[in-house]
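Trainee: sequence below, structure please.
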Amino acid sequence: MAQIELKTYGKLDIDTRLTAMTFMTLQDEGVVDKDFLDKIVNATNGVEIPLRLKLNVLYAAYREANKVDYLSYEEFISSYQLDFIELNYVVGAAITKQDVSDFSGFANSLTKKIPKSAGSSGK
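Mentor: Numbers count the residues shown, from 1 in each chain. The predicted structure follows:
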């Protein structure tokens with residue numbers, strides 16, 4: 001299981017293989033709206049995913065791994081220091097139903113295959 005580190009609470013488990021029950025629970029609690037899943041699916045069609053939506057996915061992954069004892073959304077978000085690479089890996093893993101460590105390895109392998117542009121300094 002993957003972990004993230006929060007400023008105030010240290011390392012916490014996350015699970016990017018999200019279940020429908022987690023989304024329903026978060027919707028019932030008012031953390032996400034009823035169109036949350038549609039927004040994720042539509043955002044993956046070549047459109048940039050808004051930051052708030054990415055943070056909601058991250059919190060959903062946290063709640064997937066912590067079903068009984070967990071921080072509130074406000075506690076979690078107020079302690080999360082933005083790491084855009086980590087955040088994008090978590091969202092990508094959740095969308096593709098993979099563990100974040102598997103997805104990040106896949107993403108890193110793709111990045112290595114992208115040719116450097118002619119104008120790049122190569123650094």
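Trainee: what about the strands in this structure?
Mentor: Under the criterion DSSP state E, strands of the chain are mapped to 2-6, 10-14.
Trainee: tell me what angle the first one forms with strand 10-14.
Mentor: Computed by axes from the mean of the first three to the mean of the last three CA atoms, to 10 degrees, the angle separating strand 2-6 from strand 10-14 equals 140 degrees.
Trainee: just checking: what are the partner strands of strand 2-6?
Mentor: Partner strands for strand 2-6, per DSSP bridges, with pairing direction: strand 10-14 (antiparallel).
Trainee: what residues of the partner strand count as buried?
Mentor: Neighbour counts over strand 10-14 (16 or more other CB atoms under 10 Å) mark L12, I14 as buried. Heads up, the C-betas are built off the backbone N, CA and C, glycines and all.
Trainee: mind listing residues that contact that strand?
Mentor: By CB atoms under 8 Å, 6 or more residues apart in numbering, the residues outside strand 10-14 that reach it are 1-6, 58, 61-62, 64-66, 71, 90, 100.
Trainee: which among the residues you listed end up buried?
Mentor: Using 16+ other CB under 10 Å, the buried ones in those are A2, I4, L6, L58, A61, Y62, E64, A65, L71, V90, V100.
Trainee: grab the nearest non-local neighbour of the third one.
Mentor: Closest residue in space to L6, ignoring its immediate chain neighbours: S79 at 4.0 Å, by CB to CB, 6 or more residues apart in numbering.
Trainee: and the nearest residue to Y73 once chain neighbours are set aside, what does it touch?
Mentor: Leaving aside its sequence neighbours, Y73 sits nearest to V31 (CB to CB, 6+ apart; 4.9 Å). Residues near V31 by CB under 8 Å, 6+ apart: N56, Y59, Y73.
Trainee: ok, the residues you listed vs T19, which is closest?
Mentor: Set against T19, the nearest of the contacts of V31 by CB to CB is Y59 (14.4 Å).
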